[in-house]
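> This is the structure alone, sequence omitted:
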């Protein structure tokens, strides 16, 4: 049984790591208004789509259960955690404005 444990842990880590990579349908809530958008995660980088424009993060970290992305051009930071089968978090700006972000599915 103990010989199988490393394979189980490796399989679990691989499954969790892959679960965040990909194209996600998401929403951001700003002043009680929910706005849909798409975001893609890969490696330690992410990008969202503003119409046809692809806005790439300038720094970031994507772990098995969390995402931290910085968008220098917008002076914003996206932080989200894996919870109940989806990513939930916030998009914050230095002005103190913080919006709720929910990535529903990929």
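Happy to help now that I have it. Values in this document were obtained by computation on a predicted structure and should not be read as measured data.
> use CA for all of it now, contacts and neighbours both
Will do.
> quick one: the strands in the chain?
22-30, 33-42, 45-50, 53-56, 59-62, 66-71, 76-83, 86-92, 98-105 (DSSP state E).
> Among the ones you listed, show me which one is buried the most.
Neighbour counts (mean count of other CA atoms under 10 Å) averaged over each of these peak at strand 66-71, with a mean of 21.
> quick one: it to strand 33-42, angle?
100 degrees (axes from the mean of the first three to the mean of the last three CA atoms, to 10 degrees).
> Just give me the residue closest to the centre of the chain.
A centroid search over the chain (CA atoms, centre = their mean) returns residue 67, at 4.7 Å, as the residue closest to the centre.
> Tell me who's in contact with it.
Neighbour list for residue 67: 60, 61, 78, 79, 80, 81 [criterion: CA atoms under 8 Å, 6 or more residues apart in numbering].
> Thought residue 45 was touching the second one, still the case?
Yes: A contact is recorded between residue 61 and residue 45 when judged using CA atoms under 8 Å, the distance being 6.9 Å.
> Skipping its backbone neighbours, what lies nearest the residue nearest to the centre of the chain in space?
residue 80 (5.1 Å; CA to CA, 6 or more residues apart in numbering).
> how many other residues sit next to residue 97?
Per other CA atoms under 10 Å, the neighbour tally for residue 97 reads 10.
> got JSON lines for the contacts of residue 67, with pLDDT and distance to residue 93 too?
Shown next, in JSON lines, are these (pLDDT from 0 to 100; distance: CA to CA, whole Å):
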{"residue": "60", "pLDDT": "96", "distance to residue 93": "15"}
{"residue": "61", "pLDDT": "96", "distance to residue 93": "18"}
{"residue": "78", "pLDDT": "93", "distance to residue 93": "9"}
{"residue": "79", "pLDDT": "94", "distance to residue 93": "12"}
{"residue": "80", "pLDDT": "93", "distance to residue 93": "15"}
{"residue": "81", "pLDDT": "92", "distance to residue 93": "18"}
